[in-house]
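Asker: Quick check, what structure comes out for this input:
(one chain, ligands or ions: 1)
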Amino acid sequence: MNFLNYGLSTSWFELSKPPLDISTNGHLIDSLWEYTTVLAIFYFVLVCIGLFGFSYLYSHKRNKTPYYTYGNKKSHLMVTALIGAAVFLSVDLNIARVANNDMLNVFWNYPDPKKEEVLRVQVMGQQWMWSFRYAGPDDQFGTADDIVSINDLRVPAKTKVLFHLTSKDVIHSFFVPNVRLKVDTIPGRITRVWWDANVPGTYDIACAEMCGTHHYLMKAQLTVYEKDDFNQWLATSAHIAKTTNDPADKNLQWGWKWEN
Ligand SMILES: [Cu+2]
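Answerer: Numbers count the residues shown, from 1 in each chain. You can find the predicted model right below:
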C-alpha cells in the first residue's frame, strides 16, 4: 500500500478508518470497536476534568492553609468504588456481553453445507504461503479433481463460505481485514471460520502471527466474484486441475476428508 497513492485530498481521519467492510457481519466488530473508542474518550475526558478541576480548586492561590487528606474516608472509598463499578459495568462487562452474543449467535453459528448453499474451502498455512483447496466436481476433498491454488483465494459474493483451516508447520493466523475476521491455523488441528462477502473486488489476506523470518511475505489475495463469474472460474479451474494434478507430488496432496 503506497501512502502517496492516497493523494493530498485524503485526510488523516480517512487514513485512520478501518478498511472497507465487505461482509454481512463485519459491522458487529466495527460497532464494538467504536463503542470501546467512544467510552475510552468519555472516561479520558472525565479524568482530565477531575485532574485539572481539582488542581484548580485546591491550588495554592485559593488555599493558603494546606489541608492534608489521605483519601481513606468512607465517602472517598464510596466515590472510588462507584467510579470503578461504572467503568467495569459500562466497558468490560458490556463488551464481554455483546462479544459473547455475537460469537454464539453469528461467528460460531457455522453454516451447514447439508442444509444450505455453502462454498467449502480448505486452507493450509505454511512457511510462508497460503494454500487453498476446493472440492472440485465430485464434491469430495482429498481426491484427484480437487482445485488447489496458492496465495489466491476466490469466492462468490452473497454466498456463505465455510473454511476449514490447518497448518503444516507452525502456528499462523489467517487474517482478512475486509471481512473483520482472523483465525489461527494450528498444526494437527482444524479450525473454522465463515463469512458472507457482498462486494466484488480484490482484497488482502495476511498472516497475523509472527511465524518466522519471512512472516512479512506471507500474504495472499482474495477475489470476490459475482456468482456467475465465480462459477465460470471454478469450471475453468476444474478443467485445469484435471489435466495438471500429479498424484506423486506430495506437496499437492495435503487435503483431508471434510467433516462438519
Ligand atoms: Cu504465518
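Asker: Which elements pack onto the helix or strand Thr36 falls within?
Answerer: Per DSSP states H and E, Thr36 falls inside helix 26-57. Judged by 3 or more Cβ pairs under 8 Å, 6 or more residues apart in numbering; DSSP states H and E, helix 26-57 is in contact with helix 94-102. For the C-beta atoms, the positions are set from N, CA and C on the backbone; glycine is no exception.
Asker: Can I get the helix it packs on in PDB? Just the C-alpha atoms.
Answerer: Below are the C-alpha coordinates for helix 94-102, written out as PDB (Å, rounded to 0.1, in the frame of the first residue of the first chain):
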ATOM      1  CA  ASN A  94     -20.900  -4.800  28.400                       C
ATOM      2  CA  ILE A  95     -18.100  -5.600  25.800                       C
ATOM      3  CA  ALA A  96     -18.000  -9.100  27.200                       C
ATOM      4  CA  ARG A  97     -21.800  -9.400  26.900                       C
ATOM      5  CA  VAL A  98     -22.000  -8.100  23.300                       C
ATOM      6  CA  ALA A  99     -19.000 -10.100  22.200                       C
ATOM      7  CA  ASN A 100     -20.300 -13.300  23.700                       C
ATOM      8  CA  ASN A 101     -23.700 -12.800  22.000                       C
ATOM      9  CA  ASP A 102     -22.000 -12.100  18.600                       C
END
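Asker: List the buried residues of it.
Answerer: For helix 94-102, burial by neighbour count (16 or more other Cβ atoms under 10 Å) applies to Asp102.
Asker: roughly how far is the following helix or strand past it from the heart of the chain?
Answerer: Of the helices and strands lying after helix 94-102 in sequence (DSSP H and E), the nearest is strand 118-126. A distance of 16 Å separates the centroid of the chain from that of strand 118-126, by Cα atoms, centre = their mean, to the nearest Å.
Asker: again, but for stretch 135-154
Answerer: Using Cα atoms, centre = their mean, the offset of stretch 135-154 from its chain centre is 24 Å.
Asker: picking up where we left off before, what separates the helix holding Thr36 from the chain centre, distance-wise?
Answerer: For helix 26-57, the gap between its own C-alpha mean and the chain's C-alpha mean amounts to 25 Å (Cα atoms, centre = their mean).
Asker: count of residues packed around Trp233?
Answerer: Using other Cβ atoms under 10 Å, Trp233 is surrounded by 15 other residues.
Asker: which residues touch it?
Answerer: Arg154, Tyr225 (Cβ atoms under 8 Å, 6 or more residues apart in numbering).
Asker: Surely it is within a helix?
Answerer: Yes. Trp233 forms part of a helix when assessed by DSSP: H, G, I helix; E, B strand; the rest coil.
Asker: gap between it and Thr185?
Answerer: Distance, Trp233 to Thr185, using Cβ to Cβ, to the nearest Å: 24 Å.
Asker: And Val118, by the same measure?
Answerer: Taking Cβ to Cβ as the measure, Val118 falls 20 Å from Thr185.
Asker: try Ala248
Answerer: 26 Å.
Asker: And the two? Which one has more around it.
Answerer: For Ala248 versus Thr185, neighbours defined as other Cβ under 10 Å are more numerous around Thr185 (26 against 6).
Asker: beta partners of the more buried one?
Answerer: Bridge pairing for Thr185 (DSSP bridges) gives the partners His172.
Asker: ok, it touching Asp169?
Answerer: No. Thr185 is beyond contact range of Asp169, at 10.0 Å (criterion: Cβ atoms under 8 Å).
Asker: Could you pull up the residues touching Leu234?
Answerer: Contacts of Leu234 by Cβ under 8 Å, 6+ apart are Tyr134, Ile147.
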